[in-house]
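*Asks:* coords below, sequence missing:
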C-alpha cells in the first residue's frame with residue numbers, strides 16, 4: 001500500500017447560481033481547506049468565497065495569457081494546474097473551486113487530480129450543479145424522453161459525428177464555434193454559417209432551436225430564446241450560450257427487435273431457467 005504524501009486536493013463546484021447551488025460538502029471543503037483556488041467569473045460568488053475561505057487565490061487573471069502572442073488556452077490551463085499543484089506539494093489541503101460542475105467543461109480539475117494522484121497525493125472531485133442541470137430544469141426537458149446527445153460545438157464541426165435527429169441535441173459553446181486557434185473567446189457569422197450548413201444535413205433550416213444561458217444570480221434573467229436554425233449566424237452569442245436543438249423527426253420502431261422481444265415474452269419460463 002502506497003502511503004499518501006501530506007497535501008490533499010479536493011475539486012468542488014459552486015453551481016451556476018452563486019452560493020444557493022453549492023452543496024453542503026463543497027461548502028465544508030471551502031471553509032476548512034488551507035487554501036481555496038478558484039476560477040469563478042461571477043463577482044458576487046467570488047466575494048462570497050473570499051469571505052469564507054482561509055486563504056484565496058484567484059485564477060481568472062490567468063486568462064490574460066491568451067492576449068500574449070503564441071499562447072493558447074492550453075497554456076492558461078497548464079498554468080492553472082501548476083498553481084494548484086504547487087500548493088498541494090507544499091503540504092496544504094487545497095480546495096479548487098470551479099463554477100458549475102468541476103468536471104464539466106473544466107479540464108483543469110481533471111488534469112490537477114490526475115497529476116496529484118500520480119505524485120502520490122490524495123485527490124478527489126465532488127460534483128456540482130452544472131449548466132446542463134439548470135437547462136433541464138429551466139427548459140422543462142427530460143433527456144430520457146427522446147434520448148440526448150451532448151457535445152462541444154467546434155468538436156461537432158471538425159469531426160465526423162453521426163447525429164440522430166430523433167433525439168435532443170445539445171451543443172455547448174456555440175459562441176466559440178469554429179475557433180481553432182484556442183486564443184480567442186468568440187466566433188463570427190461565417191463560422192456560424194458553416195455550423196448551420198453542417199446541421200442542415202440532419203435538420204430543416206426552419207427548424208426551431210433554443211439559445212440558452214443559465215442565470216448566475218437572482219437579478220439575472222435566464223435566456224431561453226427560440227430562433228430558426230437558419231437565423232443562427234445573426235444571433236447574439238456569448239461564451240456561456242448553449243444551443244439546444246429539439247428532435248426534428250419522430251422515432252421509428254425497430255420492428256424486428258420488437259418481434260424478438262415479444263417472442264421471448266411469449267415463451268413459457270421453465271423453473272430451472274428461472275432458478
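*Replies:* Good, I have the coordinates. These numbers come from a predicted model, not from an experiment. Numbers count the residues shown, from 1 in each chain.

*Asks:* can you give me the helices for this structure?
*Replies:* Under the criterion DSSP state H, helices of the chain are mapped to 24-32, 43-52, 73-89, 107-118, 131-139, 143-146, 153-158, 189-199, 255-266, 271-274.

*Asks:* ok, residues contacting stretch 199-208?
*Replies:* The contact list for stretch 199-208 (Cβ atoms under 8 Å, 6 or more residues apart in numbering) reads 163, 165, 196, 226-230, 245-246, 248. Every residue, glycine included, has its C-beta placed from N, CA and C.

*Asks:* any idea how far residue 86 is from the closest residue to residue 73 other than its chain neighbours?
*Replies:* Counting by Cβ to Cβ, 6 or more residues apart in numbering, residue 73 lies nearest to residue 182, which is 4.5 Å off, once chain neighbours are set aside. Residue 182 sits 24 Å away from residue 86, taking Cβ to Cβ, to the nearest Å as the criterion.

*Asks:* More neighbours: which of these two?
*Replies:* When neighbours are counted by other Cβ atoms under 10 Å, residue 182 comes out ahead of the other of residue 182 and residue 86, with 16 against 13.

*Asks:* my guess is that one meets residue 76, correct?
*Replies:* No - taking Cβ atoms under 8 Å as the definition, residue 182 is not a contact partner of residue 76, at 9.1 Å.

*Asks:* Let me know the pLDDT of the residue nearest to residue 73.
*Replies:* Here, the pLDDT recorded for residue 182 equals 70.

*Asks:* as a whole number, average confidence for stretch 91-101?
*Replies:* The predicted model assigns stretch 91-101 a mean pLDDT of 95.

*Asks:* Return the set of buried residues in that stretch.
*Replies:* 92-101 (16 or more other Cβ atoms under 10 Å).

*Asks:* from those residues, which is closest to residue 58?
*Replies:* Relative to residue 58, the closest of these is residue 97; by Cβ to Cβ it sits at 10.3 Å.

*Asks:* Might one say that that closest one is in contact with residue 10?
*Replies:* No - counting by Cβ under 8 Å, residue 10 is not a contact partner of residue 97; they are 9.3 Å apart.

*Asks:* Report the contact partners of the closest residue to residue 187 other than its chain neighbours.
*Replies:* Excluding its sequence neighbours, the residue lying closest to residue 187 (Cβ to Cβ, 6+ apart) is residue 177, at 4.4 Å. With contact taken as Cβ under 8 Å, 6+ apart, residue 177 is in contact with 153-154, 157, 187, 191-192, 194-195, 237.

*Asks:* on that earlier part again, which one, of the helices of the chain, ends up nearest to residue 212?
*Replies:* Per Cβ to Cβ, nearest to residue 212 of those: helix 131-139, 5.6 Å.

*Asks:* for the closest one, what is the average pLDDT?
*Replies:* 95.

*Asks:* what separates it from the chain centre, distance-wise?
*Replies:* Between the centre of helix 131-139 and the centre of its chain there are 12 Å (Cα atoms, centre = their mean, to the nearest Å).

*Asks:* pLDDT below threshold where in this structure?
*Replies:* Along the chain, segments meeting pLDDT under 70 span 1-4, 18-19, 65-71, 183, 266-275.

*Asks:* ok so, going back, go through the helices of the chain and name the closest to residue 62.
*Replies:* Ranking these by distance to residue 62, with Cβ to Cβ as the measure, places helix 73-89 first at 5.1 Å.

*Asks:* Okay then, goodbye and thanks.
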